[in-house]
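pasting the sequence and the predicted model now:
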Amino acid sequence: MIKRNIYQKLHDACLSATGVKKGAKVNGMHFSPLLHDDVQVVATQALLDNGLYATCNYLTEIVPNIKKVMVVCTMRVYDVDDPTQHILVDGCSSFGDISMFGTGQAMSYSRKYAFLNLLNLKTGIKDEDGYEAKPFEDSTEQSVEEPTYMDETIDVEDIKHELKNAKSLKDFNVAKEKHRANVEYLLRNNLRAYRQVTDIAEVRETQLNNGQ
């Protein structure tokens, strides 16, 4: 069997990767979101199928004049059969609010686009750059709501419920402050649960800012 080098493996991963469907448009958002977890599932599977493994490092910097945190993602893709070989994806960055949600959201956004750049993943929907792919064929498999990623010490479902059902921005901010310490704990110890909470918070805050 001919041994493939890391670039041949990456080429095969790019060819074999399936497209990523954008999520459903949510009230208050003018676009269909391209969700981090959906991109990660497709990209990670394509890489693993070809003997590749991705890791990420992040640099953060507070930008005082715009009151934002800038996160730069550096992704390294290693050849599992020869770990001395790796490909670097550098420079994918994002801004986030200076809040308990902002850094994690910016990390997810920059990682998402590192995966997209690495494998040139298709989204199947006209994108911001004007590229228009053919629509995906309908699937008989029905999507279901993602289960809550539980944490032994924190009631993640309770946090999500309070944020999702906030009646006003004031109530929303009270809920954010109430759960600040727990959300920061999830960021350090349970990233998937943290992303669920921040996704809910982002959508609800957008809705409230639009009077919904």
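It's in.

show me where this structure has strands.
52-63, 68-79, 82-97 (DSSP state E).

helices and strands around the longest one, which ones?
Secondary-structure packing of strand 82-97 (3 or more CB pairs under 8 Å, 6 or more residues apart in numbering; DSSP states H and E): helix 6-16, strand 68-79, helix 102-119. Yep, even glycine has a C-beta here, placed from its N, CA and C like the rest.

partners of it, with directions?
Its sheet considered, strand 82-97 pairs with strand 68-79 (antiparallel) by DSSP bridges.

repeat that for the first one.
Paired strands of strand 52-63, with direction, are strand 68-79 (antiparallel) (DSSP bridges).

the strands of the chain: which one's closest to Ala46?
strand 52-63 (8.4 Å; CB to CB).

list the contacts of that closest one.
The contact list for strand 52-63 (CB atoms under 8 Å, 6 or more residues apart in numbering) reads 6, 9-10, 13, 43-44, 47, 68-80, 95, 98, 103, 106-107, 110-111, 114-115, 118.

select only the buried ones of these in PyMOL?
A single PyMOL command selects the buried members of the contacts of strand 52-63 (16 or more other CB atoms under 10 Å):
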select buried, resi 6+9+10+13+43+47+68+69+70+71+72+73+74+75+77+78+79+95+103+106+107+110+111+114+115+118
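
quick check: the residue nearest the centre of the chain vs Thr198, distance?
Centroid-nearest residue in the chain: His36, 2.4 Å away (criterion: CA atoms, centre = their mean). Going from His36 to Thr198 by CB to CB, to the nearest Å gives 10 Å.

touching both of those two, which residues are there?
Contacts common to His36 and Thr198, judged by CB under 8 Å, 6+ apart, are Ser108.

show me which helix or strand of this protein is least confident by mean pLDDT.
helix 180-189 (a mean of 79; mean pLDDT, DSSP states H and E).

got the buried residues for it?
Asn182, Val183, Tyr185, Leu186, Leu187.

flag the shaky bits of this structure, pLDDT-wise.
1, 25-32, 123-153 (pLDDT under 70).

repeat that for 50
Scanning the chain for pLDDT under 50 picks out 125-148.

how's it carved up into domains?
1-135, 146-212 (automatic domain parsing).

Tyr7 and Ser99, how far apart?
40 Å.

same thing with Tyr194?
Taking CB to CB, one finds Tyr194 at 13 Å from Ser99.
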